Every structure is written in structure tokens, then in C-alpha cells.
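>>> A structural model of the following input is requested.
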Amino acid sequence: MKPIRIGMIGCGWFGNRHLDYLLTREDVKITALATANKEKLMRTAEKAPGVACFENGADLIASGLADAVFICIPPNAHGNLEQLAAEKGVHLYVEKPVGVEKNRVLMNLSAIEKSGIICAVGYQERFDAGIKRLKGALSPQDICMMEGAWIGDMPAVKWWRCKESSGGQVVEQSTHIADMMRFLAGEAESVMGMAGRYPGGDYTVEDHSAALIRFKSGAIAALSTGCFGETEAVHEVGLRLYGKDFSARICWGESLDYKGADGQWRFQREGSNHDRSVDAFLQAVKENNPALVGADYREGAKSFLLTLAIEEAFKTGGLIRLDAGFRL
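Predicted coordinates for the structure are as follows:
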């Protein structure tokens with residue numbers, strides 16, 4: 001079988017992280033790179049001699065040099081790239097979130113599902129062995145409450161600090177926690193929330209927020225976010241779950257602890273869930289089997305819409321029902 005030809009749109013930290021892993025595999029060939037930043041483009045191209053270089057993703061997709069494309073760019077830069085890839089029959093691995101603008105995301109979703117391409121969205125923790133075991137042991141109705149948090153520092157990159165570019169911390173970063181809540185407890189029904197920003201600072205995103213989420217199953221969740229921390233002491237990323245006869249704590253990227261009437265266990269992370277997610281995507285492309293990916297574009301769009309509903313609650317201060325324009 002011929003190697004899968006891979007194009008990488010975005011040569012920042014995450015694009016290079018995926019690229020470094022892909023270069024270790026013998027079943028893929030990096031054929032094309034794209035970014036508007038010429039310095040990053042040339043520096044990244046040194047890793048894959050002979051690779052074709054483009055200054056925008058649309059040209060890479062149109063070139064026909066890639067069977068599959070990884071999209072690793074800021075949320076507001078996606079535009080119609082997914083639609084263009086779908087129309088070209090190019091498979092997609094899309095880093096979350098899938099965008100910042102609802103109508104554009106919905107148009108991309110329609111094009112992807114019409115085309116039949118394989119598309120995965122980078123919610124890699126769905127491949128965590130401990131989380132898989134937890135999901136297998138629970139039904140959404142078993143969960144009474146959840147407490148999620150993503151609290152840390154303010155990323156240095158300018159696009160992340162700009163609300164128009166990133167969508168804000170909930171949309172860009174805490175989307176991982178929102179997605180995991182959906183993965184374990186099912187679809188949300190309504191949200192409420194408040195957000196604020198400390199005076200000063202060279203950013204337009206809110207730097208602290210709290211949201212309440214009610215799920216169709218009856219579960220209620222709290223999601224706290226913050227990017228105001230200046231030291232390692234201000235760091236909390238994870239999710240707690242509570243039911244009538246169990247509790248579980250997920251320390252993001254590290255461990256999972258479970259206690260229940262059926263005993264208790266601890267799972268310590270080994271290896272990379274990012275790589276497992278990529279492995280599943282590539283296998284799905286080989287087998288033409290979309291069921292192998294952890295989260296397809298529809299799942300990515302659902303988690304995006306949930307975070308968008310939370311952002312709407314921040315603006316209005318009221319209860320937002322997801323069936324009022326935030327549900328597929």
C-alpha cells in the first residue's frame with residue numbers, strides 16, 4: 001500500500017507537534033506545508049526535505065499533493081478550508097475548535113458529510129484508556145453532577161489573547177472539558193454563565209468565567225475557566241464526576257481515579273493520546289472506516305456549539321437553551 005500523502009496547514013507549535021510524530025511513521029509521506037508565516041514555513045520545511053511549500057491552505061488543498069490534510073491554525077483562520085478539502089475529496093484531521101463562527105462551521109459540516117471524506121477533530125482524550133474504561137462502566141443517567149476546570153496562565157500568542165481570533169478561553173481551550181462532559185453525560189439542554197476580566201492586560205478575552213450546564217440526562221455541571229494565573233500554583237485542569245454510588249476524578253493528561261460500590265481503581269497515563277488520535281485517523285483513512293475516529297466533524301461542531309452557547313450566556317446573563325440555535 002502506498003504511503004498516505006499528508007499536507008500540514010499551520011506550522012506553529014501544534015502543527016510541528018503532529019508533524020514530528022508523522023515523520024516517525026513509514027506509512028505516511030509529508031508532501032506539503034502551508035502557512036502565511038514564511039519564516040515558520042521555511043524552518044518547518046527543513047524537517048521534510050523536498051516538501052512543497054504554500055503560503056495559504058487553499059492552494060495546498062487545490063494542488064492535489066495531499067490525500068489527507070491536518071488543519072492546525074487559529075480558530076478564526078479556518079474559513080472554508082474544510083469545505084474546500086471536502087469538495088476535493090481530501091481527508092481531514094482538524095485541531096479543535098472547528099471555528100469561531102457558527103454559520104461557517106455548519107457549512108463546512110454539510111460539505112464534509114456530503115463528500116463522505118474521513119474527518120477527525122482533535123479531542124484526543126476520547127482515546128484515553130482510563131476514560132474509555134470509565135465510559136464503559138457508566139451511562140449518562142448514572143452521573144448526577146460534574147465539576148470541570150481549566151485554570152492556568154495566559155498563553156503568549158497574540159491570536160489566543162484576541163477574542164475575535166480565538167473565540168475566548170471557553171471556545172478555544174475549555175472546549176476539551178466541555179467535550180468530555182458531552183462524551184460521558186450526553187447532550188446538554190441549557191446553560192447559564194458569567195465572565196469577567198481583570199483591569200489592564202494586553203488582551204480582549206475574558207480571563208475568568210463560570211458556567212452551569214444542565215444535561216438532558218438530568219446531570220448538572222459546573223465549568224470554571226481562568227487564564228489569569230502567573231505561577232504554577234494557579235493551575236487546575238480536570239473533571240470530577242459524582243453519582244449515587246461512585247465518584248471519579250480526571251487529572252487532565254495525567255491520571256484518573258475511580259471509587260465506587262464495585263471497587264476502586266487508578267489509571268496512570270502512559271504514552272500520548274494525541275498520537276493515538278492520529279493513529280486512529282490514519283487507520284480510518286486506510287480502511288475508509290469513519291467509525292474509527294474519536295470525534296468526527298459533527299461531534300466537533302456539537303462541542304463548539306455548546307461552548308458558543310456558554311459564550312452567549314456570558315453576554316446576556318440569562319439562561320440559554322441549546323435548542324434555540326445551538327444544537328444540530
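>>> any low-confidence regions in the stretch 1-150 of the chain?
For the stretch 1-150 of the chain, no stretch is flagged by pLDDT under 70.
>>> what about the helices in it?
When assigned using DSSP state H, counting those that start in this stretch, the helices of the stretch 1-150 of the chain occupy the ranges 13-22, 38-45, 57-63, 81-88, 102-115, 129-137.
>>> okay if I get the ones you listed as JSON lines plus mean neighbour count?
No exception for glycine: its C-beta is placed from N, CA and C like everyone else's. Below are the helices of the stretch 1-150 of the chain laid out as JSON lines (neighbours: other CB atoms under 10 Å):
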{"stretch": "helix 13-22", "mean neighbour count": "17"}
{"stretch": "helix 38-45", "mean neighbour count": "15"}
{"stretch": "helix 57-63", "mean neighbour count": "20"}
{"stretch": "helix 81-88", "mean neighbour count": "22"}
{"stretch": "helix 102-115", "mean neighbour count": "17"}
{"stretch": "helix 129-137", "mean neighbour count": "15"}
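>>> make a markdown table out of those helices and add distance to Ala291.
A markdown table is the format used below for the helices of the stretch 1-150 of the chain (distance: least, CB to CB, whole Å):
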| stretch | distance to Ala291 |
| --- | --- |
| helix 13-22 | 22 |
| helix 38-45 | 32 |
| helix 57-63 | 25 |
| helix 81-88 | 19 |
| helix 102-115 | 14 |
| helix 129-137 | 15 |
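>>> Lys216 is nearest to which of those?
Closest approach to Lys216 among the helices of the stretch 1-150 of the chain is made by helix 129-137 (16.8 Å; CB to CB).
>>> run a quick neighbour tally on Thr24.
When counting by other CB atoms under 10 Å, one arrives at 8 neighbours for Thr24.
>>> next up, the contacts around it.
When the contact criterion is CB atoms under 8 Å, 6 or more residues apart in numbering, Thr24 has no partners at all.
>>> where does it fall, phi/psi-wise?
Main-chain torsions, Thr24, degrees, to the nearest 10: phi -90, psi -10.
>>> what about it, distance to Cys53?
In this structure, Thr24 and Cys53 are 22 Å apart, going by CB to CB, to the nearest Å.
>>> returning to that earlier point: quick check: which of the helices of the stretch 1-150 of the chain is nearest to Leu305?
When the helices of the stretch 1-150 of the chain are ranked by proximity to Leu305 (CB to CB), helix 102-115 comes first, at 7.0 Å.
>>> compute the inter-axis angle for that closest one and helix 81-88.
If you take axes from the mean of the first three to the mean of the last three CA atoms, to 10 degrees, helix 102-115 sits at 20 degrees to helix 81-88.
>>> list the helices and strands helix 102-115 packs on?
In terms of contact count using 3 or more CB pairs under 8 Å, 6 or more residues apart in numbering; DSSP states H and E, helix 102-115 is assigned the packing partners helix 81-88, helix 297-316.
>>> and the contacts of that helix?
For helix 102-115, contacts defined as CB under 8 Å, 6+ apart pick out 78-80, 82-83, 86-87, 89, 92, 98-99, 119, 297-298, 301, 304-305, 308, 325, 328.
>>> nearest to Ser190, out of the helices of the stretch 1-150 of the chain?
Once the helices of the stretch 1-150 of the chain are compared by CB to CB, helix 102-115 is nearest, at 17.5 Å.
>>> compute the inter-axis angle for the closest one and helix 297-316.
Between the direction of helix 102-115 and that of helix 297-316, the angle (the same axes, to 10 degrees) works out to 170 degrees.
>>> done for today, thanks.
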